[in-house]
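Novice: pasting a predicted model and its sequence here:
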2 protein chains.
Amino acid sequence: MSRWKPDARGRLEKAALELYNAKGFDATTVAEIAARAGLTERTFFRHFTDKREVLFPNNNPLADLLTKATTNAPTDLPPLEVITHALTQAAPLFEERADLVRQRQAVITANPSLQERELAKLAALATTLTHALHKRGLNTATAALAADIGIATFKAAFEHWTNDPDRHPLAHHIRQTLNTARHITTNHPYADDTTTTPPPPECEG
Amino acid sequence: MSRWKPDARGRLEKAALELYNAKGFDATTVAEIAARAGLTERTFFRHFTDKREVLFPNNNPLADLLTKATTNAPTDLPPLEVITHALTQAAPLFEERADLVRQRQAVITANPSLQERELAKLAALATTLTHALHKRGLNTATAALAADIGIATFKAAFEHWTNDPDRHPLAHHIRQTLNTARHITTNHPYADDTTTTPPPPECEG
């Protein structure tokens, strides 16, 4: 088959994810991926540096999209709402390729070394969000905490989404998880007394 | 010098951290650490598998302590308060060796590969907390989110503590950071209307 077929990259990714899930990430070779995609190894290496880059692409548009959405969020939103707004804007990146995203997640869940890489990628995303929030006027420490809580919220929403038998959109799960996060951080969630104003946090000092 | 001197482990740790900070983690050899501690390489390897284990000890009591404190926390505390309670109980582990802890943090901040390891260790702690919260009756998804938010809160508190010129105790920073986390997740932190009760989150269904 010609290596110039359209969407070689997409076919390689699909073949790779199927093989990683079927026989394991470590046991899969680039030759097998290329053969399954009907392409050559040379074509594989034109698109990916190695097997791992299929799972962690260098040209991931997520960071840029989150930065822009954070920067452009309405000015009066509190920090976690800003992040939720940005993550919701990014949701179509996942929705559009839901099957591939779910397959990718299964591969990562099965491999501790890939989980470490995923954690590092999520930490890098948190740093991106921290910078974007800081540019909106939040001090760095509070921005970093908000970004970490935002990424934790996204992780949980993503988990719900990948396992949702009713296939609600990711944005729905982000919104629900934000409510849960709010509930978790509330001092006395079942108390009737909601009339006390919380003290100003040190971050605003 | 004899390799049987008391607290060989502590002397090796101190020497290692000084060298890691002075000449870099990668550039430091075990021979240099042992020499600086006045001990032999053989003694080093009786206490540590390698250079990295000085920073990430296998026998770290933190996970056990957090599990016990989570299990024994008052039953009526909301999830993040439980975690804060547990982290506050663990604070003396850091307070008692504040100088070493600060030196360790500086080494990790300077080395991306050590940061990845630290992230993996924090993720493992989050998993420990998730299990402990689940045993208290919280569903796994909510427990995982609470644990992630708890670890994010601890990371931020720890950062404040290591950089605090006034040397407030870690417990103080944990409490302050919890307030900040609460503030971040609040829908409209500056609104006067605090009379609406938030909807029950999906986690409680």
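Specialist: Right, received. Where do you want to start? Computed from a prediction, not measured in an experiment: that's the story for all the values here.
Novice: next up, identify which helix or strand A:A22 is on.
Specialist: helix A:8-23 (DSSP states H and E).
Novice: for that helix, buried residues please.
Specialist: Of all the residues in helix A:8-23, those buried under the rule 16 or more other CB atoms under 10 Å in any protein chain shown are A:A8, A:R9, A:R11, A:L12, A:E13, A:K14, A:A15, A:A16, A:L17, A:L19, A:Y20, A:N21. Where you see a C-beta, it was placed from the backbone N, CA and C, and this is true even at glycine.
Novice: give me the neighbour count for the nearest residue to the fourth one once chain neighbours are set aside.
Specialist: The spatial neighbour of A:L12 that comes closest, neighbours along the chain excluded (CB to CB, 6 or more residues apart in numbering or on different chains), is A:A37 at 4.8 Å. Neighbour count for A:A37, taken as other CB atoms under 10 Å in any protein chain shown: 24.
Novice: what's the spacing between A:A37 and chain B?
Specialist: Using CB to the nearest CB, to the nearest Å, one gets 31 Å for the distance from A:A37 to chain B.
Novice: ok, now how distant is that residue from A:I108?
Specialist: 21 Å (CB to CB, to the nearest Å).
Novice: again with A:G24
Specialist: A:G24 is 12 Å from A:I108, where distance means CB to CB.
Novice: the two: who's more crowded?
Specialist: Between A:G24 and A:I108, counted using other CB under 10 Å, the more crowded position is A:I108 (19 against 12).
Novice: once you drop chain neighbours, what's closest to A:K51?
Specialist: A:V30 (6.2 Å).
Novice: one more: A:F154?
Specialist: Nearest to A:F154 is A:L87, by CB to CB, 6+ apart, at 5.1 Å.
Novice: domains in chain A, by residue range?
Specialist: Split into domains by automatic domain parsing, chain A comes to A:8-54, A:62-182.
Novice: can you lay out these as a markdown table showing mean pLDDT?
Specialist: As requested, those are exported to a markdown table (pLDDT from 0 to 100):
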| stretch | mean pLDDT |
| --- | --- |
| domain A:8-54 | 97 |
| domain A:62-182 | 93 |
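Novice: how close does the nearest residue to A:P61 once chain neighbours are set aside get to chain B?
Specialist: Leaving aside its chain neighbours, A:P61 sits nearest to A:L93 (6.8 Å; criterion: CB to CB, 6+ apart). For A:L93, the distance to chain B equals 22 Å [CB to the nearest CB].
Novice: A:P78 too?
Specialist: To chain B, A:P78 is 5 Å away according to CB to the nearest CB.
Novice: contacts for the helix or strand harbouring A:L66?
Specialist: Assigned by DSSP H and E, A:L66 belongs to helix A:62-71. By CB atoms under 8 Å, 6 or more residues apart in numbering or on different chains, the residues outside helix A:62-71 that reach it are A:82-83, A:85-87, A:89-90, A:93, A:124-125, A:128-129, A:131-133, A:135-136.
Novice: out of these, which are buried?
Specialist: A:V82, A:I83, A:H85, A:A86, A:L87, A:Q89, A:A90, A:L125, A:T128, A:L129, A:A132, A:L133.
Novice: what is the helix or strand where A:A141 lies packed up against?
Specialist: Using DSSP H and E, A:A141 maps to helix A:140-162. Applying 3 or more CB pairs under 8 Å, 6 or more residues apart in numbering or on different chains; DSSP states H and E, one finds that helix A:140-162 contacts helix A:79-95, helix A:98-109, helix A:112-135, helix A:170-185, helix B:140-162, helix B:170-185.
Novice: tell me the gap between the fifth one and the middle of its chain.
Specialist: Centroid displacement of helix B:140-162 relative to its chain, using CA atoms, centre = their mean, to the nearest Å, is 9 Å.
Novice: go on, the shortest one?
Specialist: Here helix A:98-109 is found 12 Å from its chain centre; the criterion is CA atoms, centre = their mean.
Novice: and it, anywhere near chain B?
Specialist: No. Between helix A:98-109 and chain B, judged by CB under 8 Å from any CB of the partner chain, nothing touches; the nearest distance is 12.6 Å.
Novice: residues touching A:H47, list them.
Specialist: With contacts defined as CB under 8 Å, 6+ apart, the neighbours of A:H47 are A:A8, A:R9, A:L12.
Novice: nope, A:N111 is what I was after
Specialist: A:F25, A:D26.
Novice: before we move on, what about A:Q115?
Specialist: Shown in contact with A:Q115 (CB under 8 Å, 6+ apart): A:I108, A:T109, B:A120, B:A123.
Novice: residue contacts, the second one?
Specialist: Applying CB under 8 Å, 6+ apart to A:T109 gives the contacts A:Q115.
Novice: separation between it and chain B?
Specialist: From A:T109 to chain B the distance is 13 Å (CB to the nearest CB).
Novice: now, which of the buried ones among the contacts of helix A:62-71 sits nearest chain B?
Specialist: Using CB to the nearest CB, A:I83 is the member of those that lies nearest chain B, at 9.1 Å.
Novice: per-residue confidence for A:Y190?
Specialist: You'll see A:Y190 listed with a pLDDT of 38.
Novice: and the one 5 residues further on, by the same measure?
Specialist: The pLDDT attached to A:T195 in the predicted structure is 35.
Novice: now A:P61
Specialist: 88.
Novice: dump the domains of chain A to JSON lines, plus distance to B:R46.
Specialist: What follows is the domains of chain A, written out as JSON lines (distance: least, CB to CB, whole Å):
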{"stretch": "domain A:8-54", "distance to B:R46": "33"}
{"stretch": "domain A:62-182", "distance to B:R46": "28"}
